[in-house]
Every structure is written in C-alpha cells, then in structure tokens.
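**Student:** next comes the sequence, and after it the predicted model I'd like to discuss.
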Amino acid sequence: MYALAHALCAKLDERFPLTFAEMSVLLERLRYEVGHSEPRLEDTALRPPRPRWRRRLERELHDEILDELLGARRRRRE
C-alpha cells in the first residue's frame, strides 16, 4: 500500500508524507479535489463496540477456518 501511495505522490509531484498527520491532510485534500461523495470521518457516527461474546465467537470461527485451511497439526506447532 505504501509503495502505491509513494508512486502516486511521485506521479503527482507531491512530497510523500512522513507522518500520519501529514498523510491525513494530504488524503483529505486529494479526496476533496476529486469530489469524493462519502462524508468525512469526523462527520460519521461511531459504531457501537461489539459485545464480548461476539468478539470471542469471531476469534473461534477464525481459528476453525485456519485449522481447516492449514491443517490442525501444522497450525498448533507454529
């Protein structure tokens, strides 16, 4: 992702931002220039946090999928 961003900055003769704050300013400016229709991050409502049981369930499903894809023995050794 950073390589693509750096190549885009080079193509547009923009200096590649060195901090996240500079990157945010640059992205917001470019977003405005191209007329992006989505609201700004500050203008959106925060999603409520997921319940603890749901986070646990998602972790368990993730582990099951990995076990299926990689094989249970291989994953447990790593």
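**Tutor:** Structure received.

**Student:** the lengthiest helix in the chain: how far from the chain's middle?
**Tutor:** Counting by DSSP state H, the longest helix found in the chain is helix 52-70. Distance of helix 52-70 from its chain centroid, counting by C-alpha atoms, centre = their mean, to the nearest Å, is 20 Å.

**Student:** quick check: buried residues in it?
**Tutor:** Across helix 52-70, burial judged by 16 or more other C-beta atoms under 10 Å covers no residue at all. Backbone N, C-alpha and C define where each C-beta goes, glycine included.

**Student:** stretch 16-25 now?
**Tutor:** residue 17.

**Student:** pull the residues that contact that stretch.
**Tutor:** Stretch 16-25 has contacts (C-beta atoms under 8 Å, 6 or more residues apart in numbering) with 5, 6, 9, 10, 26.

**Student:** got it, and stretch 33-44?
**Tutor:** Here stretch 33-44 has contacts from residue 28, using C-beta under 8 Å, 6+ apart.

**Student:** please begin residue numbering at 648 from this point
**Tutor:** Happy to do that; since the first residue is 648 now, the last one works out to stretch 680-691.
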